[in-house]
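> predicted structure and sequence below. I'll ask about it afterward.
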Amino acid sequence: MSTIQAVVADPHLPERLTLRDVEPPSPVPSEAVVRVAAISLNRGETRRALQSDTAWRPGWDLAGTVEQPAADGTGPPANTRVVGLLPTGAWAEQVAVPTHALAALPEAVSFAQAATLPVAGLTALYALQKGGTLLHRTVLVTGATGGVGDFALQLASRSGAHVVAHVRRSEQIPEVKQAGAEEVIVGADLPDTSSAGPYDLIIDSVGGKTLAAALGQLTTGGVCVTLGVSAGAEVTFDAARFFRTGRTSLYGFYLFEEFGNEPASAGLARLAALVATGALQPRICVEAPWTEIADVAQQLLSRRFPGKAVLHVSAST
């Protein structure tokens, strides 16, 4: 039987991630088979892969070409360049992708650019939508130098918001301003008060003391979207200050649950269109062949680069 190569998490190897021969995908009628050209790494799946105690196939983000369209007639036809999303197993030469998680790519969008869009781009897009119309509203983005943060800054700015970024170090100021931040707050934790606030919408990926401080800086009717806990999952905050502001909300965001509101295909199509026109610019800081996945994964978790890491998938010989 023919095989394909895929990234597998192996707890018995020092590097934890390796390429292995696996069986090719067997699509159900609503899935298209995609020949993968590029993949992108996210901290969530990478951390899980490196901590897994059993063999497991990680991967969320992919871009490539449809080799076999869905048998039920949905989705793009054969030879269409696409971007897609899977809950696991996307890091492979071939994958079966549900058509509701697949979008055609404009010719102006490269596979590398497209591969950055599924998790980071959709998270930023759908999280910002929790704030409603952003024109002339004040938006705070914490963890602003990561993949989600960078997309959130760009999308909020292009929606007409007054965008404020929170970063840990002063040398990060130029990069977040380039992405669209008009004001920047610098520090390991978000201060309890700031002249930039209060905020109509806060996108927080940090948690801990930063989330606690953010909850006290919402304007009346403001929304704080929490989607990460890089600084800690436990939060102690001033509940009286939070509810006395009036009509404030804390929204727990988990991307794969959001697809009940809108399929990934719709959001991916919108993001790809923005990239094609230059209105959205993926920030790719590491680009390498997928044979280097173990090293790039360690770099990602060690925060040795901002933005996104993209790996190019080469066919086995």
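Everything's here; your move.
> list the contacts of stretch 218-229.
The contact list for stretch 218-229 (Cβ atoms under 8 Å, 6 or more residues apart in numbering) reads 123, 127, 130-131, 138, 143, 148, 197-208, 211, 214-215, 242, 245-255. C-beta: built from backbone N, CA, C; applies to glycine.
> in helices, which of those residues appear?
Using DSSP state H, the members of the contacts of stretch 218-229 that fall in helices are 123, 127, 148, 208, 211, 214, 215, 242, 245, 255.
> need the max-distance pair from those.
245 and 255 (27.6 Å; Cβ to Cβ).
> what segments of the stretch 201-317 of the chain are helices?
Using DSSP state H, counting those that start in this stretch, the helices of the stretch 201-317 of the chain run over 208-215, 239-245, 255-258, 264-277, 293-301.
> remind me which residues of the stretch 1-150 of the chain are low pLDDT?
For the stretch 1-150 of the chain, applying pLDDT under 70 flags the ranges 1.
> how about the helices in it?
Under DSSP H, counting those that start in this stretch, the stretch 1-150 of the chain gives helices at 43-51, 111-115, 122-128, 147-158.
> check contacts around the residue nearest the centre of the chain.
Nearest to the geometric centre of the chain sits residue 120, at 1.4 Å (Cα atoms, centre = their mean). Counting by Cβ under 8 Å, 6+ apart, residue 120 makes contact with 40, 42, 146, 147, 148, 150, 151, 308.
> what would the helices of the stretch 1-150 of the chain look like in JSON lines with mean neighbour count and distance to residue 291?
Converted to JSON lines, those look like this (neighbours: other Cβ atoms under 10 Å; distance: least, Cβ to Cβ, whole Å):
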{"stretch": "helix 43-51", "mean neighbour count": "18", "distance to residue 291": "16"}
{"stretch": "helix 111-115", "mean neighbour count": "25", "distance to residue 291": "16"}
{"stretch": "helix 122-128", "mean neighbour count": "24", "distance to residue 291": "28"}
{"stretch": "helix 147-158", "mean neighbour count": "26", "distance to residue 291": "22"}
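> distance to residue 296 added to those helices, as CSV?
Formatted as CSV, the helices of the stretch 1-150 of the chain follow (distance: least, Cβ to Cβ, whole Å):
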stretch, distance to residue 296
helix 43-51, 9
helix 111-115, 13
helix 122-128, 20
helix 147-158, 14
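> so which of the ones you listed is nearest residue 167?
That would be, of those and by Cβ to Cβ, helix 147-158, which comes in at 8.8 Å.
> neighbouring strands of whatever helix or strand comes next after that closest one in the sheet, and parallel or not?
For helix 147-158, the succeeding helix or strand toward the C-terminus, using DSSP states H and E, is strand 162-167. The pairing partners recorded for strand 162-167 under DSSP bridges are strand 138-142 (parallel), strand 183-186 (parallel).
> most tightly surrounded among these?
strand 138-142 (a mean of 29; mean count of other Cβ atoms under 10 Å).
> related to what we said a few turns ago, so between residue 245 and residue 255, which is more surrounded?
Higher neighbour count among residue 245 and residue 255: residue 255, with 22 against 17, using other Cβ atoms under 10 Å.
> excluding its backbone neighbours, what's nearest that one?
Leaving out its chain neighbours, the residue that sits closest to residue 255 by Cβ to Cβ, 6 or more residues apart in numbering is residue 123, at 5.2 Å.
> ok, the one you found - contacts?
By Cβ under 8 Å, 6+ apart, the residues touching residue 123 are 148, 151, 227, 253, 255.
> how about those in a markdown table, adding distance to residue 108?
Listed next are these as a markdown table, based on distance: Cβ to Cβ, whole Å:
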| residue | distance to residue 108 |
| --- | --- |
| 148 | 23 |
| 151 | 18 |
| 227 | 29 |
| 253 | 30 |
| 255 | 26 |
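> for residue 186, state which of the residues you listed is nearest.
Looking across those and measuring by Cβ to Cβ, the closest to residue 186 is residue 148, at 19.3 Å.
> give me the element residue 176 is part of.
Per DSSP H and E: helix 173-179 holds residue 176.
> now do residue 188
Residue 188 belongs to no helix or strand when assigned by DSSP H and E.
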